[in-house]
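Engineer: give me a 3D structure for the following:
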Amino acid sequence: MRSRRPRAAVALLALLFTSPVFAHEVLSSIERGRAIAVKAVFADGEPLAYTEYMVFSPTDPKIPYQKGRTDRAGYLAFVPALPGNWHVKVTEAGGHGMELDVAVELPGNESAGPAAAPAGIASWAFVLRPIVGLVLIAGVFAGLVVLYRRRKS
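Structural biologist: Below is the predicted model:
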């Protein structure tokens, strides 16, 4: 009967030297202080929930820069690409709605908000997850080897 050690060693080496696959990894970045949030409510305080809106940039007042629906609380948000007067139009199916102009200053003039999380944290997590996974797999195999040797003796 042949020894299983070479097979286990080859399998372990194959696991260690394969390139990690990140095809399904989705990373995100949070920037605070650059977005403009607008809340749309009726006169009685009821929010215009899930209502269509359009945002127009100062350079093109005919083609929407952004389209979407407000959230449950009546909020919409957009990140302006340049300074100027941005036009926001919120229109309900029944024709009710609002239009307003939002003045946006040059970047850097807004007050300093809370700082975003450092990008290094996300990159460390991105690298550390596959390593932790390989260590866990190696631990499972080591446990199986120990069990196999105990049963054999």
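Engineer: contacts and neighbour counts: CA atoms only from here.
Structural biologist: Noted.
Engineer: for the protein, which segments count as helices?
Structural biologist: For the chain, applying DSSP state H gives helices covering 5-17, 119-152.
Engineer: average pLDDT for the first one?
Structural biologist: For helix 5-17, the mean per-residue pLDDT is 62.
Engineer: ditto for the longest one
Structural biologist: Here helix 119-152 scores 80 as its mean pLDDT.
Engineer: tell me which residues in that helix are buried?
Structural biologist: Neighbour counts over helix 119-152 (16 or more other Cα atoms under 10 Å) mark no residue as buried.
Engineer: that helix - contacts with which helices or strands?
Structural biologist: Applying 3 or more Cα pairs under 8 Å, 6 or more residues apart in numbering; DSSP states H and E, one finds that helix 119-152 contacts helix 5-17.
Engineer: what domains does the record give for the protein?
Structural biologist: 1-30+117-153, 34-116 (automatic domain parsing).
Engineer: for the residue lying closest to Val55 once chain neighbours are set aside, grab the count of nearby residues.
Structural biologist: Nearest non-adjacent residue to Val55, counting by Cα to Cα, 6 or more residues apart in numbering: Val88, 4.6 Å away. Counted with other Cα atoms under 10 Å, residues neighbouring Val88 total 22.
Engineer: what's the mean pLDDT across stretch 57-74?
Structural biologist: Averaged across stretch 57-74, pLDDT comes to 93.
Engineer: tell me the buried residues in it?
Structural biologist: By 16+ other Cα under 10 Å, the buried positions in stretch 57-74 come out as 57-58, 65, 67, 69-71, 74.
Engineer: please apply the same query to stretch 38-47.
Structural biologist: Neighbour count says stretch 38-47 has 40-41, 47 buried, by 16+ other Cα under 10 Å.
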